[in-house]
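Undergrad: pasting a predicted model and its sequence here:
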Amino acid sequence: MNTPFVAVDALTVRFGERVAVNAVTASVNTGETIALVGANGSGKSTLLSAITGLLVPDAGSITMTVPVAKTSLMPVDVGFRSSMGVVFQSPSVDGTLTARENIVMAGRIQGLSRKEARSRATELLTWARLADRGDEITKQYSGGMRRRLDIARALVHRPALLVLDEPTTGLDIASVRDLWELLDSLTDVTILVATHDANEAERCDRVWIMHEGRLVADEMPEETLARLGGDTVELTTRGDSAELSRQLASALADAQVVRGEGSLTVHCSDGPAVAARLFELTETDAISELTVRRPSLSDAVLALIESQRGSERMEAAA
């Protein structure tokens, strides 16, 4: 059996009485790209902070296995930190410096010689598609350019593990696409990325789904999607969505109904048939908009989280 590159065992982080990360056990294999998804407050950033050594866990352990040295390291070890590149949610580019100067400075901090840092800056500016603007002051850069530079800086010392906390937040569609194309090209780097958009996880090898501090799923994206299958029916209601949700749940035994604010999402095997049944169950003018489509990974993640909430409500009522 292969030894995981990074192993998290029963990791728990508390802030006072609140448990932010609750006994999470998971592992990352060399070369994998893993997406960490979940709602705001689910524990994603706290888990990443513990893995990167920014937070000391209250219980459990984190280890990185270094095959060459045949030893295991923990976040407090210098070897662990030097094997990792980190991109935080808030951009850390120095806007008063050029892109080249930003990368050279990061390289010097990581212990590279001035010559090697300059050489790496040239390589990484080309990789990040910034070579033609590498000597401009970065405060003139767009958000997407600054984020690509952020990642280039994190790669300057050739880390084995790259950790990114919601790197696409605030980026437009084209910038998100460009960033993921660059991440996909890093075939020799293991990547752990938290994302607010579960659909981005479709590009990853595995997805970790967090809910209320717990890891509720660790699987391939296609396995997450397979939880739903079939079609997704989305409708906006003019009346009481809660009542319609109860009617649907009772009338459609094979469908999963997720209620939103003035809306319903129904996951089912036959979308057109369910749409027809909807109009039988309610007045036509109670539905202002209805669409039928194939489910996305975001749909699957939301349905799983809603299922978890339902189980929690049942346990609390018991």
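TA: Yep, that arrived.
Undergrad: which residues in this structure form helices?
TA: With DSSP state H as the criterion, the chain has helices at 44-51, 78-82, 99-109, 114-127, 143-154, 173-184, 221-226, 241-251, 271-281, 297-317.
Undergrad: contacting residues around the residue lying closest to Arg203 once chain neighbours are set aside?
TA: Spatial nearest neighbour of Arg203, excluding adjacent residues (CB to CB, 6 or more residues apart in numbering): Trp180 at 5.7 Å. All C-beta spots, glycine's among them, are computed from the backbone N, C-alpha and C. By CB atoms under 8 Å, 6 or more residues apart in numbering, the residues touching Trp180 are 168, 200, 203.
Undergrad: so which of those wins on neighbours?
TA: Glu200 (23 neighbours; other CB atoms under 10 Å).
Undergrad: distance-wise, check the nearest residue to Ser42 once chain neighbours are set aside relative to Val87.
TA: In space, and not counting its chain neighbours, Ser42 is closest to Met210: 4.0 Å by CB to CB, 6+ apart. Remark: distance between Met210 and Val87 (CB to CB, to the nearest Å) = 19 Å.
Undergrad: point out where the stretch 151-300 of the chain drops to low pLDDT.
TA: Applying pLDDT under 70 to the stretch 151-300 of the chain flags the ranges 239, 283-284.
Undergrad: and with 80 instead?
TA: 228-229, 238-255, 261, 278-287 (pLDDT under 80).
Undergrad: excluding covalently adjacent residues, which one is nearest to Asp165?
TA: Using CB to CB, 6+ apart, the nearest residue to Asp165 is Gln89, at 4.4 Å.
Undergrad: residue contacts, Ala39?
TA: By CB under 8 Å, 6+ apart, the contact set of Ala39 is 211, 305.
Undergrad: then the one 3 residues further on?
TA: Taking CB under 8 Å, 6+ apart as the contact definition, Ser42 lies against 210-213.
Undergrad: same question for Ile209.
TA: 37-38, 215-218, 224, 301, 304-305.
Undergrad: one more: Val274?
TA: 231, 233, 252, 255, 266, 268.
Undergrad: farthest-separated two in those residues?
TA: The two members of those with the most space between them (CB to CB) are Asp231 and Leu252, at 12.3 Å.
Undergrad: any common contacting residues for these two?
TA: Counting by CB under 8 Å, 6+ apart, the contacts common to Asp231 and Leu252 are 268, 274.
Undergrad: still on that earlier bit, now the contacts of Trp180 as JSON lines including distance to Thr65?
TA: Formatted as JSON lines, these follow (distance: CB to CB, whole Å):
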{"residue": "Thr168", "distance to Thr65": "29"}
{"residue": "Glu200", "distance to Thr65": "27"}
{"residue": "Arg203", "distance to Thr65": "26"}
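Undergrad: and which of those is nearest to Glu116?
TA: For those, the nearest to Glu116 is Thr168 (30.2 Å; CB to CB).
Undergrad: quick one, what contacts the closest residue to that closest one other than its chain neighbours?
TA: Leaving aside its chain neighbours, Thr168 sits nearest to Val176 (4.7 Å; criterion: CB to CB, 6+ apart). Counting by CB under 8 Å, 6+ apart, Val176 makes contact with 168, 197, 200.
Undergrad: please state the backbone phi and psi of the second one?
TA: Looking back up the chat, that one is Asp197. phi -110, psi 100 (degrees, to the nearest 10).
Undergrad: distance of it relative to Leu161?
TA: Distance of Asp197 to Leu161, computed by CB to CB: 22 Å.
Undergrad: who's more crowded, the two?
TA: Leu161 (20 against 15).
Undergrad: residue contacts, the more buried one?
TA: The neighbours of Leu161, taking CB under 8 Å, 6+ apart as the test, are 5-6, 28, 64, 83-85, 189-192.
Undergrad: let me have the residues you listed in TSV, adding distance to Leu297 and neighbour count as columns.
TA: TSV is the format used below for those (distance: CB to CB, whole Å; neighbours: other CB atoms under 10 Å):
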residue	distance to Leu297	neighbour count
Phe5	24	20
Val6	23	25
Val28	20	22
Met64	28	24
Ser83	30	19
Met84	27	22
Gly85	26	24
Val189	23	18
Thr190	21	23
Ile191	17	20
Leu192	18	25
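Undergrad: taking the residues you listed one by one, which sit in strands?
TA: Using DSSP state E, 6, 28, 64, 84-85, 190-192 are the members of those that sit in strands.
Undergrad: quick one: which of those residues is nearest to Arg118?
TA: Gly85 (18.6 Å).
Undergrad: just checking, the closest one touches His157?
TA: Yes: contact between Gly85 and His157 holds when scored by CB atoms under 8 Å: they sit 7.2 Å apart.
Undergrad: re the thing from before, which one of Met210 and Val87 has more residues nearby?
TA: Higher neighbour count among Met210 and Val87: Met210, with 26 against 21, using other CB under 10 Å.
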